[in-house]
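A.B. asks: 3D, please:
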Amino acid sequence: MAVLEILTIPDERLKRVSQPVEVFDDELRAFIDDLEETRLDGPAAVGIAAPQVGREQRILIMDVSNTRKPVPNHGYLVLINPEITHWDGYEMGREGCLSVPDYTGNVIRATHIKVKAQDPHGQPLEYEMEGYEARALQHEMDHLDGMLFIDRVVSRRTDLFRRKVYQKGGKG
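C.D. replies: Sure, this is the predicted structure:
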């Protein structure tokens, strides 16, 4: 396994729309292992998406097992070709990102979602999520569509904040 380089703004590759995964093989699973090692090497990130390391495929990893809200949640997930099939409600919340290390921002997200995806072997998955878990998934899915949370802040003047410290072990 290897720690991959995380792309940060203003790298234009972060703006590209990712392509669906069509081949579910050992190379894909080895990349997923590297992606997870990269997530764990950084400052306590809840999730990471393939475009953040320069791979333009619809792959993301998310782990909300250590969060206090909501409980229960689905914990550690590897989602390939995720698609939100239903969303409901909305709420403003603060977000940060490995690809935007110097800022956090307030973003409006759906509070309840249904998602379908595939696992690393191509098998179908379906989940219902709410609250923080739903927010985290929407954040990671934005990466697959070439968007960052800073593209969604209502006002860069009032809803974007300079991060004081970005430490390992902190909330990312």
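A.B. asks: Nearest to the spatial middle of the protein, which residue is it?
C.D. replies: Glu140 (2.2 Å; Cα atoms, centre = their mean).
A.B. asks: For the helix or strand encompassing it, what is the distance to the chain centroid?
C.D. replies: Per DSSP states H and E: Glu140 is located in helix 131-144. Put simply, helix 131-144 sits 5 Å off its chain's centre (Cα atoms, centre = their mean, to the nearest Å).
A.B. asks: Quick one: mean pLDDT over the helix or strand that comes right after that helix.
C.D. replies: Going down the chain from helix 131-144, the next helix or strand is strand 160-162, by DSSP H and E. Throughout strand 160-162, pLDDT has a mean value of 86.
A.B. asks: From the contact counts, what lies against strand 160-162?
C.D. replies: Applying 3 or more Cβ pairs under 8 Å, 6 or more residues apart in numbering; DSSP states H and E, we find strand 160-162 packed against strand 100-109. All C-beta spots, glycine's among them, are computed from the backbone N, C-alpha and C.
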